[in-house]
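K.L.:
How does the following fold in three dimensions:
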Amino acid sequence: MDLGVSGIASGFDWRSTVDQLTQVERAPQTRMRTDQQAIQSRSTAYGNIKNQLSTLLSKVEKLKDPTFFDARNTSSSDTTVATATATAGAGVGNYKFNITQLATSSTLVGVGNRGRALSPVEDVSSLVLSDAGFSSPVTPGTFTVNGKQVTIATTDTLQGVFDKINTATGGNVTGAYDPATDKISLSTLNGSPVILGAANDTSNFLALARLSNNGTSDTVTSSIPLGSVKTWAALSKANFASAVTDGGGGAGSFLVNGVAISFNASTDTVTDVLAKINNSTAGVNASFDATNDSIILTNKVTGDLGISLQDTTGNFLAATGLLTGASLTQGKNLKYTLNDGVTELTSQSNTIDGVSSGVTGLSVTALKLGTASIAVGSDTTAIKQGIQDFITEYNRSQAAIESYTASSTDSKGKVSAGVLANDPEAFAMATQLRAMVNGQVGGMSGLIDYAAKLGIDSNGTDNSVALTDTSKLDDALAANFSAVRDFFTHSTTGMGTRLYDYLNKTAGDDGDLTQKQTRLGQQSTDIDTQIADQERYVQSVRAQLIASFTAMETAQSTINQQMQFINQKFGVA
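P.N.:
The predicted structure follows:
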């Protein structure tokens, strides 16, 4: 018989009694959890207040910084000539810039027509289109001559194309190649004009042959020599008039402004090498002029600067015409005068800095020749916004404190107190902030020693403030700028300085509120420990009760057995 089962011998449900007594023993835990919840609510409230005060601190930090009041704005009398920016502390005033020469970049143009001619002889019957040195690969398809469609394939020879033109036009149009000029000519036998192309042409042959209508002549000739560098082919097969070599082993190199550029003539294309130049620290942009069949190098920066080149292994620069015979257009420095001065000033770039002009903190960007007056003034817009941002966060801070300290009464007269309603420290924060913002700022040599003199007034019903008279602030910034700055930034008594010190002490990383939360957190942890200790005591009492009732059940079971024996002995039913 399991005598631990409630009432099996005694008929008494003692388990329920044990449960009820256990709950009675747990009563202190309920009180402790209520206390703990209150502590956690206070910690949360202080955490929210701390976060809001930290935001206010960031706004105050700006206002206490003298350089914030040194912020500058600029304007230009002619923004098509010049624009400007100014750093904090730049000299306030008007500066007249007369731009007489803009800065340009140096450009080196390689010798043109670097590609080998299509053919050294007139006979082009063996010159296959796919191998010809046109500026781009020939596209198979159709083109139109004198209204007749000509269909070609890349396996055709150039002479084969001439023959197809002649056949399509009934023998009226003939084609020829001149190796001396590296040009193609198309002529009519009957003297009629040669008319080329149609909207539905699919081959690019006419474009690659540089053939276009003139509308009157019976002969049309390529506009420029046709043999071109194949920028898409490996350098060794790129149709250069002078073969490009890398010195063997694919380890070619050359210097651009002292920066080494490597290449492999068997695998790198012209496009690849130009990309290497552009992506290097050589400071130049490299491009290919397909019209003139030449490479162009342009300095990435402006100014009277050269471009130095040297082949080190192989002959890339020489073969591409960038050494002998290349044309350098030297870059120019910006030239200008300041405030109608007679001295001509210069700048390597089109941006005039303080080193060039002598106006520290002022940066002027020249856009075209002409005159522009640059006005530099205090950035009062930024200052007013900074003050308004401070007011906004100050009011939010006071509202946050108010939300946790105030008591309210509902329609039935029931009073609900905020979680910090009985906490003097919370009230003290609101009072201290209000006093600092609305009170007199000592040590001011100017006329401004109250926020009210800047149009910042307190609300008569709560702790908030507002910029009620913007004209006061505008007038103060215009007439007493230094006094406004001192009011906020004075190293010991400035409102911004004192607020920053107080807020940093209160809401800083190791400030009073952080320590307050730490203490409250420890109190909550201590209650957890107390609850655990009390629960162990409850379980001990419960175990004792169960043991006592189990002993009672055992005794009752023994008595029941004895009674049953006696009854049987004496025949009692």
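
K.L.:
who are the neighbours in contact with the nearest residue to residue 29 once chain neighbours are set aside?
P.N.:
The shortest distance from residue 29 to any non-neighbouring residue, by C-beta to C-beta, 6 or more residues apart in numbering, is to residue 531 (5.2 Å). In short, each C-beta sits where N, CA and C put it, glycine included. Going by C-beta atoms under 8 Å, 6 or more residues apart in numbering, residue 531 touches 29, 32, 33.

K.L.:
can I assume residue 531 sits in a helix?
P.N.:
Yes - using DSSP: H, G, I helix; E, B strand; the rest coil, the assignment for residue 531 is a helix.

K.L.:
still on that earlier bit, quick one: which of the contacts of residue 531 sit in helices?
P.N.:
Per DSSP state H, helices hold the following members of those: 29, 32, 33.

K.L.:
so what's residue 295 up against?
P.N.:
With C-beta under 8 Å, 6+ apart, residue 295 has these contacts: 110, 114, 270, 274, 286, 287, 288, 289, 320, 321, 322.

K.L.:
try 6 Å
P.N.:
Contacts for residue 295 were tallied using C-beta atoms under 6 Å, 6 or more residues apart in numbering; they are 110, 288, 320, 322.

K.L.:
In a strand, it, correct?
P.N.:
Yes - judged by three-state DSSP, residue 295 forms part of a strand.

K.L.:
how far away is it from residue 274?
P.N.:
Distance, residue 295 to residue 274, by C-beta to C-beta, to the nearest Å: 7 Å.

K.L.:
what's the offset of the lowest-mean-pLDDT helix or strand in the chain from the middle of its chain?
P.N.:
One helix or strand of the chain scores below all others by mean pLDDT, DSSP states H and E: strand 407-409, with a mean of 74. Centroid separation between strand 407-409 and its chain, computed with C-alpha atoms, centre = their mean, to the nearest Å, is 48 Å.

K.L.:
What of stretch 88-101?
P.N.:
So, by C-alpha atoms, centre = their mean, the centroid of stretch 88-101 is 31 Å from its chain's centroid.

K.L.:
got the buried residues for that stretch?
P.N.:
Using 16 or more other C-beta atoms under 10 Å as the test for burial, stretch 88-101 gives 90, 95, 97, 98, 99.

K.L.:
What residues does the spatially most central residue of the chain make contact with?
P.N.:
By C-alpha atoms, centre = their mean, the chain has its centre lying nearest to residue 85, at 21.1 Å. Going by C-beta under 6 Å, 6+ apart, residue 85 touches residue 363.

K.L.:
Residue 144 belongs to a strand, doesn't it?
P.N.:
Yes - under three-state DSSP, residue 144 falls within a strand.

K.L.:
partner residues bridging it?
P.N.:
Residue 144 has these beta-bridge partners by DSSP bridges: residue 149.

K.L.:
check contacts around it.
P.N.:
Applying C-beta under 6 Å, 6+ apart, we find residue 144 in contact with 197, 198, 201.

K.L.:
Now the last one: phi and psi?
P.N.:
This means residue 201. The phi/psi pair for residue 201 (degrees, to the nearest 10) reads phi -60, psi 140.

K.L.:
Show the pLDDT at it.
P.N.:
Listed pLDDT for residue 201 reads 95.

K.L.:
before we move on, what about the one 4 residues further on?
P.N.:
The score at residue 205 is 96. That number is its pLDDT.

K.L.:
if we can go back for a sec, quick one: mean pLDDT for the helix or strand harbouring the residue nearest to the centre of the chain?
P.N.:
Taking DSSP states H and E as the definition, residue 85 sits inside strand 82-86. Summarised as a single mean, pLDDT over strand 82-86 is 97.

K.L.:
quick one: strands adjacent to the very next helix or strand once past that strand?
P.N.:
The helix or strand immediately downstream of strand 82-86 is strand 93-101, counting by DSSP H and E. Sheet partners assigned to strand 93-101 using DSSP bridges are listed as strand 334-338 (antiparallel), strand 370-378 (antiparallel).

K.L.:
For residue 341, grab phi and psi.
P.N.:
According to degrees, to the nearest 10, residue 341 has phi -70, psi 160.

K.L.:
Repeat that for residue 50.
P.N.:
phi -60, psi -40.

K.L.:
Could you do residue 397 as well?
P.N.:
Per degrees, to the nearest 10, the backbone of residue 397 is at phi -70, psi -50.

K.L.:
what's the closest of the buried residues of stretch 88-101 to residue 328?
P.N.:
Nearest to residue 328 among the buried residues of stretch 88-101: residue 99, at 25.0 Å, using C-beta to C-beta.

K.L.:
The closest one and residue 369 touch, don't they?
P.N.:
Yes - contact criterion C-beta atoms under 6 Å: residue 99 and residue 369 qualify, at 5.3 Å.

K.L.:
quick one: contacts for residue 277?
P.N.:
Per C-beta under 6 Å, 6+ apart, neighbours of residue 277: 256, 261, 286.

K.L.:
can you redo those residues as JSON lines with distance to residue 550, secondary structure and pLDDT?
P.N.:
JSON lines is the format used below for the contacts of residue 277 (distance: C-beta to C-beta, whole Å; DSSP: H, G, I helix; E, B strand; the rest coil; pLDDT from 0 to 100):
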{"residue": "256", "distance to residue 550": "99", "secondary structure": "strand", "pLDDT": "98"}
{"residue": "261", "distance to residue 550": "96", "secondary structure": "strand", "pLDDT": "98"}
{"residue": "286", "distance to residue 550": "98", "secondary structure": "strand", "pLDDT": "98"}
